[in-house]
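# Just a sequence and a predicted model for now, questions to come.
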Amino acid sequence: MMKMMAKTSSCSYCRATRGMPFLHFTPLVAFFNSLHTKPCKSRETHLGNRPSKPKASNVEDALNVFDEMLQRCPLPSVVRFTQILGQLVKLKQFEAVLSSNRQMGLVGVASDAYTLNIIINCYSHLNQMEYALSVLGHFFKLGLEPNVTTFNTLLNGFVLRNGVADAAPLFSKMVEGGHCQPDVLTFNTLIKGFCAMENNTAAIQLLGKMEEYGCKPDIVSYNTIIDSLGKYTLVDQAKNLFSEMIGRGIAPDLVTYNSLIQGVCNIGHWKEATRLLYEMASQGIFPDVYTFTILVDALCKDGMVVQAKSVVQIMIQRGIDPNTITYSSLMDGYCLRGEMDKAKQVFDLMLSKGFFVGVQSFNILINGYCKSKKIDKAYKIFKEMPLGGLVPDTVTYNTLIDA
């Protein structure tokens, strides 16, 4: 077992926990007391400056730049047009990309391989895989060879609509047809698809075959399966993969530990969760909002709402802002205990902080009131939903009808 990190008595964060018995006697939260206050690091990715790229900060700007480029004489190269299409994809304007690409064709700007890959991506996100597959024909018509990005984009399209079974023949065509060698992204996409379909066995088998195709699994390969195993309480298998990953020299990251912690919390193994927290901290990996939310949710489901509230307080003291999911989990914990006044306080706190309180959060509170036989208050919350622009769902109505 990894060594515990030394507790720093001078830490103001530790002083703030006095008067909370849970924080002194529970190993889980004692772990947080042992950490030095650590400022949050920015996770922004530096993309570098590309002055030649057309500037467009929003959809309207992008379309205006595109229209202006269509008016130029001579016309800009396909590369410049494709850059605009790429920006529209980032803004999730898939229909606009397809329309703009048609305009390119009308003025005589022929698509290149990169453009066609973008078009495949758009059709995939629009769940129009028949059209996405038809773009392969355009490659050959234009004398272009589809590359690994082309096939990966198509595979991802099938996975997005839970069609990993349809992706398998495409993978075979990719490999056996000699079009191109699959890369690690190819396998990771298929692994994600199998895990989404709860077929962890197939995902693990595919992981074992990667090196036969000259690909080494990476952290994403392992994290995807470990996360899936943890969700379905297959914790022993997740631990085995974790050990295998380390044996291959792949260092676990925050996602890995969060997935394992989620798994052990799902089966109530709090000592193991605490051990994992110490282990990750010893490697310089510190909990984030997702880690804390996992703990809050699991504690609440086990009826330990006092402890869950203490974890939320620790989050705030460490400069990590709870999100809607964190507060909703805490609210649900109070509802499960019938402490509806405290649940409503959490609900009001979310509103006062300007959080978007969605249908699920309303449903939690409505269900709590109904279980507590306070139907009038449940109905009052129900009537507030349209005021916030929300439409009650089946769960909302079923809860009220059952009550």
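Thanks, I have it. Just so it is clear, the structure is predicted and the values come from calculations on it, not from any experiment.

# my guess is Leu365 meets Tyr334, correct?
No - taking contacts as CB atoms under 8 Å, Leu365 lies outside contact range of Tyr334: 9.6 Å. In this view, the C-beta of every residue, glycine as well, is placed from N, C-alpha and C.

# What's the mean pLDDT across the helix or strand hosting Ala168?
Ala168 belongs to helix 164-176 when assigned by DSSP states H and E. Across helix 164-176, pLDDT averages out at 81.

# Go through that helix and flag the buried ones.
The neighbour-count check on helix 164-176 (16 or more other CB atoms under 10 Å) flags 164, 166-168, 170-171, 174 as buried.

# just checking, what packs against it?
Applying 3 or more CB pairs under 8 Å, 6 or more residues apart in numbering; DSSP states H and E, one finds that helix 164-176 contacts helix 148-160, helix 184-196.

# Which of those helices sits closest to Lys309?
Nearest of the helices and strands packed on helix 164-176 to Lys309, taken as CB to CB: helix 184-196 at 33.1 Å.

# Pull the residues that contact the closest one.
Applying CB atoms under 8 Å, 6 or more residues apart in numbering, the contact partners of helix 184-196 are 148, 151-152, 155-156, 158-159, 162-164, 167-168, 171, 174, 200, 202-203, 206-207, 210, 213, 215-218, 220-221, 224-225, 227-228.

# Tell me how far that helix lies from the chain's centre.
Centre-to-centre, helix 184-196 and its host chain are 15 Å apart (CA atoms, centre = their mean, to the nearest Å).

# Render the CA-only coordinates of the helix holding Ala168 in PDB, please.
Extracted in PDB, the C-alpha atoms of helix 164-176 (Å, rounded to 0.1, in the frame of the first residue of the first chain):
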ATOM      1  CA  VAL A 164     -20.900  -1.400 -33.700                       C
ATOM      2  CA  ALA A 165     -22.200  -4.500 -35.500                       C
ATOM      3  CA  ASP A 166     -22.400  -2.500 -38.700                       C
ATOM      4  CA  ALA A 167     -18.900  -1.200 -38.100                       C
ATOM      5  CA  ALA A 168     -17.300  -4.700 -38.000                       C
ATOM      6  CA  PRO A 169     -17.700  -5.400 -41.800                       C
ATOM      7  CA  LEU A 170     -16.200  -1.900 -42.500                       C
ATOM      8  CA  PHE A 171     -13.300  -2.700 -40.300                       C
ATOM      9  CA  SER A 172     -12.800  -6.000 -42.200                       C
ATOM     10  CA  LYS A 173     -12.900  -4.100 -45.500                       C
ATOM     11  CA  MET A 174     -10.400  -1.600 -44.200                       C
ATOM     12  CA  VAL A 175      -7.900  -4.300 -43.200                       C
ATOM     13  CA  GLU A 176      -8.500  -7.100 -45.800                       C
END
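
# can you pull the pLDDT of the residue of the chain most remote from its centre?
For the chain, the residue at maximal distance from the C-alpha centroid (CA atoms, centre = their mean) is Cys73, at 44.4 Å. At Cys73, the pLDDT value in this model is 89.

# picking up where we left off before, could the helices and strands packed on helix 164-176 go into a markdown table alongside distance to Gly358?
Output for these, formatted as a markdown table (distance: least, CB to CB, whole Å):
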| stretch | distance to Gly358 |
| --- | --- |
| helix 148-160 | 23 |
| helix 184-196 | 23 |
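
# Where among those is average confidence lowest?
Among the helices and strands packed on helix 164-176, helix 148-160 scores lowest, at a mean of 90.

# can you put the helices and strands packed on helix 164-176 in CSV and add mean neighbour count and distance to Asp253?
Formatted as CSV, those follow (neighbours: other CB atoms under 10 Å; distance: least, CB to CB, whole Å):
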stretch, mean neighbour count, distance to Asp253
helix 148-160, 23, 22
helix 184-196, 23, 15
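
# And these: which comes nearest Thr256?
helix 184-196 (14.6 Å).

# angle of the closest one against helix 148-160?
With axes from the mean of the first three to the mean of the last three CA atoms, to 10 degrees as the basis, helix 184-196 and helix 148-160 are set at 10 degrees to each other.

# what packs against whatever helix or strand comes next after helix 184-196?
Remark: after helix 184-196, the chain's next helix or strand is helix 200-209, criterion DSSP H and E. Secondary-structure packing of helix 200-209 (3+ CB pairs under 8 Å, 6+ apart): helix 184-196, helix 219-231, helix 235-247.

# Poorly predicted segments of this structure, please.
Counting by pLDDT under 70, the chain has low-confidence residues at 1-56, 177-179.

# Where does Pro217 sit: helix, strand or coil?
Here Pro217 is coil, with the state taken from DSSP: H, G, I helix; E, B strand; the rest coil.

# okay but it is in contact with Gly247, surely?
No - in this structure, Pro217 is not within contact of Gly247 by CB under 8 Å, at 11.8 Å.

# if we can go back for a sec, of all the helices and strands packed on helix 164-176, which one is nearest Leu136?
Per CB to CB, nearest to Leu136 of the helices and strands packed on helix 164-176: helix 148-160, 7.3 Å.

# any idea of the angle the closest one forms with helix 164-176?
Using the same axes, to 10 degrees: helix 148-160 against helix 164-176 is 160 degrees.

# Can you give me the neighbour number for Gln181?
Gln181 has 12 neighbouring residues, counting by other CB atoms under 10 Å.

# Alright, I will stop here.
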